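**Student:** Sequence plus the predicted model coming up.
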Amino acid sequence: MRKPDKHTIACILFAAGAAAVGLMTDDAYYLQVLIFIGINTLLALSLNLLMGYAGQISLGHAAFYGIGAYTTAVLSATYGFSPWLALPAAIVMAMAVAYIVGRPTLRLTGYYLGMGTLGFGMIVSIVFREWHSVTGGASGFVGIPPLEIAGFAFDTDRSYYFLVWAVVLFFFLLSRRIIDSRVGRALRAIHDGEHAASAMGIDTARMKLHIFILSATMASLAGFLYAHQVYFISPETFGFMASIKIVTMVVIGGMASIWGSLFGATLLTILPEWLHAFADYEMMVYGLILMLVMIFLPQGLTRGIIDLYESSRKKHDQ
Amino acid sequence: MQEFLQYFFSGMTNGAIYGVIALGFSMLYRSTDLINFSHGEFVMIGALTMVTLTMGFRIPVLPAIIMTTICVAFLGLLFERLAIRTVRRPEPIVLIIITVGASIFLRGTAMLIWGKDAYAMPSFTPHPPIDIAGARLLMQSIWIITISVLIAGSLHFFYKKTLAGKAMHACAINKQAAWLVGIPFKVMILLAFGISTGMGGVAGTIIAPITMPAYDMGTMLGLKGFCAAMLGGLGSLWGSVLGGFLLGILEALGVGFISSGLKDAMAFLLLLLVLYFRPGGIISAVSVKRF
């Protein structure tokens, strides 16, 4: 048998840790926060594949998150389908939208790609807000049913915690497989230089489209999990600021790093919870932290702290 | 016809404001290659400062506009000096997040200063609306359009006729070459920030009487101004003004004749169309390199 690599061991340790945390935490509030960390990790990971590895900026990723949430909400609450039928529908929907939008948009690069995805994200969130008859408009969508499998309902925080983190773990493993495969190397080549990559025989347009679709699928799955956790969704959750927040998770956690996504998502989920203590100062402090981290540690906190540590040790040695 | 004219007037009014905001984006992009996502917040601060000065301190309109512009431009200078210049790795994605962080910070600060309520402010001059073929044209609209065209004109004059303007233009073309001939490009970048945010401030002052200024008005205005700039051609002066008017008018007609739900979507639909078919903007003769 092949010796398990470092990442597999890390994943096993992580799974054990997550399970232990899930079994030991009794407080409903903490479980809720942990569930949101899981959902945000999935979002951050989805964008990290696109942005960190393939180097394609998306400022409208919350649109796919919203498509996942609204598709399952409409199908399961309005039409009474089982959520497990709504799940493939949500995924197919996100894939189809990603395909249609991705084809023309991914031709753009740099700032222009950012703007194109921003425009797309805004349009989707406006559709959520204005299409009253289907989405419930600005006041939101109520009455999403809990998930249920063979008589077992995921309606307690603990059971949902395990569901969410199992999904996250699955995508950790999947992402690692993709990154270490031929596709992953192709993506990193695109990141470093698109022309060089295509000169090496990589079909860059197709590759970018594929990773965009995969990323959209993961975000839509996160939306599905979100909708069946909170039972109520409203358009603001999937607006411009949400997209920016996902980008921030990726950048602060560290681009092109799977564990960075976990770290960034954890930090940005907990930070607002801490900042509630600041009451009216919350927004100000949040903006300030964002600016300071980007000014002084542009590679993200994980990389930045390691760099700081190494440079201080070097000074020490001299 | 009357209905059309009415929408046209309101479109022109909004368009003039989008145009001024777009100018702020464009001129900053031209001199620094930077897109300032917090630009809309400077417009918001301009509007709220204007309300405080005219309503709170009873300062007459013209001096209040000038004072507001100076205040907002000064804030812009501070922003450049404290945040943008200290960035260690000025890559697009890093700069985008910093300006978004600044926008959240400014919104939070404005909420602390002015609270969450919207303010009301009377028109600059208490003249009744003018009746043109059955459509009403507000006096404030005339003020807005006049001031916007004046701003665009003086910016044109600045670039073409003054030494500082020509130096800034040189920086826009090639920073290193400009440095070689002795242009202090750091000062130019600072100046560009001041002018850009100052223009945002002016946009805020003229819009204050026709919207209800509140701490959260900036983001949407900024994004739409940005769409207008892209529409006309990012970096082009008259293109931005034209893009602003075009966006304003199409938005008003869309709302009037199709659906009110289109109001906010129009800007982004146009943005996508421009990006896909003519990324250099509608008036650029050549298609620009997409980076």
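**Tutor:** Here it is on my side, so go on.
**Student:** Could you list the low-pLDDT ranges of the chain?
**Tutor:** Using chain A here. Along chain A, segments meeting pLDDT under 70 span A:1-4, A:151, A:317-318.
**Student:** ah, no, chain B please
**Tutor:** Flagging of chain B using pLDDT under 70 yields the residue ranges B:283-291.
**Student:** ranges for the strands of it?
**Tutor:** Applying DSSP state E to chain B gives strands spanning B:130-132, B:135-137.
**Student:** Out of those, the one nearest residue A:11 is which?
**Tutor:** strand B:135-137 (67.0 Å; Cβ to Cβ). Bear in mind the C-beta positions are built from the backbone N, C-alpha and C, glycine included.
**Student:** ok, back up a step: and the strands of chain B: which comes nearest chain A?
**Tutor:** Nearest to chain A, of all the strands of chain B, is strand B:135-137, at 26.9 Å by Cβ to the nearest Cβ.
**Student:** From the chain's centroid, how far away is that closest one?
**Tutor:** Centroid displacement of strand B:135-137 relative to its chain, using Cα atoms, centre = their mean, to the nearest Å, is 25 Å.
**Student:** next one: stretch B:121-133
**Tutor:** Going by Cα atoms, centre = their mean, where stretch B:121-133 is centred and where its chain is centred differ by 24 Å.
**Student:** Pick the most deeply packed of the strands of chain B.
**Tutor:** strand B:135-137 (a mean of 17; mean count of other Cβ atoms under 10 Å in any protein chain shown).
**Student:** got the residues of the stretch 1-150 of chain A near chain B?
**Tutor:** A:51, A:57, A:59, A:104-105, A:107-112, A:114-116, A:118-120, A:122-123, A:126-127, A:130-131 (Cβ under 8 Å from any Cβ of the partner chain).
**Student:** Selecting buried members of those residues in ChimeraX, what would you type?
**Tutor:** To isolate the buried ones among the residues of the stretch 1-150 of chain A next to chain B in ChimeraX, judged by 16 or more other Cβ atoms under 10 Å in any protein chain shown, type:
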select /A:51,57,59,105,107,108,111,112,114,115,116,118,119,120,122,123,126,127,130
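**Student:** so of the residues of the stretch 1-150 of chain A next to chain B, which ones are in helices?
**Tutor:** With helices taken from DSSP state H, the overlap with the residues of the stretch 1-150 of chain A next to chain B comprises A:104-105, A:110-112, A:114-116, A:118-120, A:122-123, A:126-127, A:130.
**Student:** Need the strands of chain B in TSV (columns: distance to chain A).
**Tutor:** Output for the strands of chain B, formatted as TSV (distance: least, Cβ to the nearest Cβ, whole Å):
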stretch	distance to chain A
strand B:130-132	32
strand B:135-137	27
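**Student:** Tell me where chain A has strands.
**Tutor:** Under DSSP E, chain A gives strands at A:141-142, A:148-149, A:152-153, A:232-233.
**Student:** How far off centre is the last one?
**Tutor:** Centroid displacement of strand A:232-233 relative to its chain, using Cα atoms, centre = their mean, is 18 Å.
**Student:** Same check on the first one?
**Tutor:** Averaging C-alpha coordinates over strand A:141-142 and over its chain gives two centres that are 23 Å apart (Cα atoms, centre = their mean).
**Student:** Please apply the same query to the third one.
**Tutor:** Distance of strand A:152-153 from its chain centroid, counting by Cα atoms, centre = their mean, is 26 Å.
**Student:** Kindly report the same for stretch A:136-155.
**Tutor:** Put simply, stretch A:136-155 sits 21 Å off its chain's centre (Cα atoms, centre = their mean).
**Student:** swap in stretch B:206-217?
**Tutor:** On the basis of Cα atoms, centre = their mean, stretch B:206-217 sits 14 Å off its chain's mean C-alpha point.
**Student:** Pull out the buried positions in that stretch.
**Tutor:** B:206-211, B:213-215, B:217.
**Student:** ok, which of those also contact chain A?
**Tutor:** Within the buried residues of stretch B:206-217, nothing lies near chain A by Cβ under 8 Å from any Cβ.
**Student:** what's the farthest-apart pair in these?
**Tutor:** B:206 and B:215 (18.7 Å).
**Student:** Touching, residue B:111 and residue B:217? I think so.
**Tutor:** No. Applying Cβ atoms under 8 Å as the test, residue B:111 and residue B:217 come out as separate, 11.7 Å apart.
**Student:** now residue A:68, nearest residue through space, not along the chain?
**Tutor:** Leaving aside its sequence neighbours, residue A:68 sits nearest to residue A:223 (Cβ to Cβ, 6 or more residues apart in numbering or on different chains; 2.7 Å).
**Student:** again with residue A:307
**Tutor:** Here the nearest residue to residue A:307 in space, its sequence neighbours aside, is residue A:299; by Cβ to Cβ, 6+ apart that works out to 7.1 Å.
**Student:** Contact partners for that neighbour?
**Tutor:** Residue A:299 makes contact with A:254-255, A:307, B:89, according to Cβ atoms under 8 Å, 6 or more residues apart in numbering or on different chains.
**Student:** Recalculate using a threshold of 10 Å.
**Tutor:** A:251-252, A:254-255, A:257, A:260, A:305-307, B:88-89, B:94 (Cβ atoms under 10 Å, 6 or more residues apart in numbering or on different chains).
**Student:** Residue numbers of the stretch 151-291 of chain B in contact with chain A?
**Tutor:** Within the stretch 151-291 of chain B, the positions lying close to chain A (Cβ under 10 Å from any Cβ of the partner chain) are B:215, B:219-220, B:223-224, B:226-227, B:230, B:234, B:259-277, B:279, B:288-291.
**Student:** Now which of the residues you listed would you call buried?
**Tutor:** Buried by 16+ other Cβ under 10 Å: B:215, B:219, B:223-224, B:226-227, B:230, B:234, B:261-272, B:274-275, B:279, out of these.
**Student:** Tell me if I'm right that residue B:175 and residue B:188 touch.
**Tutor:** Yes. Here residue B:175 reaches residue B:188: they are 9.0 Å apart, a contact under Cβ atoms under 10 Å.
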